[in-house]
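**Q** Structure for the following, please:
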Amino acid sequence: MSDFRANLLKYLEMATSGEQISVTSSGKPLATVSAPEDRRALARAQLTALAATAKLGDVISPTDSGWKAPH
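**A** Below you'll find the predicted structure:
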């Protein structure tokens, strides 16, 4: 912990570059420091994965199923 405090900027720079930093005190884990997630990139990746399995079709034209909406 004392090393972390003394070298905080160095450890934050390491985390920013993608490394996860474990902070301990007397051998007990206190925290893990890592760069923030790029939520926009994660969302884009999820949409790309969904697009790979999506089925496109005509959602406007009537079907021949005979289904009628309840009144």
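
**Q** Which stretches in the protein count as strands?
**A** Secondary structure of the chain by DSSP state E: the strands cover 21-25, 28-33.

**Q** tell me the mean pLDDT over the last one?
**A** Just to be clear, that refers to strand 28-33. Strand 28-33 comes out with an average pLDDT of 92.

**Q** May I have the strands that pair with it, each with its orientation?
**A** Strand 28-33 has the following strand partners under DSSP bridges: strand 21-25 (antiparallel).

**Q** show me where pLDDT drops low in this structure?
**A** 58, 62-67, 71 (pLDDT under 70).

**Q** Is residue 34 in contact with residue 23, as I believe?
**A** No. The pair residue 34 / residue 23 is not scored as a contact, 11.3 Å apart, by CB atoms under 8 Å. The C-beta positions use only the backbone N, C-alpha and C, and glycine is treated the same way.

**Q** Tell me which residue is most central in the protein.
**A** The residue lying closest to the centre of the chain (CA atoms, centre = their mean) is residue 42, at 4.7 Å.

**Q** which stretches of this structure form helices?
**A** Taking DSSP state H as the criterion, the chain carries its helices at 2-6, 8-16, 39-53.

**Q** wait, which of these is closest to residue 30?
**A** helix 2-6 (9.0 Å; CB to CB).

**Q** pretty sure residue 15 is touching residue 36, no?
**A** No. Residue 15 is not in contact with residue 36 according to CB under 8 Å; the separation is 9.3 Å.

**Q** Who has more neighbours out of the two?
**A** Between residue 15 and residue 36, counting by other CB atoms under 10 Å, residue 15 is the more crowded of the two (16 against 7).

**Q** How about the contacts made by the nearest residue to that one once chain neighbours are set aside?
**A** Distances taken as CB to CB, 6 or more residues apart in numbering place residue 33 nearest to residue 15, at 4.8 Å, with adjacent residues excluded. Residues near residue 33 by CB atoms under 8 Å, 6 or more residues apart in numbering: 11-12, 15, 20-21, 23.

**Q** switch to 7 Å and redo it
**A** 11, 15, 21, 23 (CB atoms under 7 Å, 6 or more residues apart in numbering).

**Q** Sounds good, over and out.
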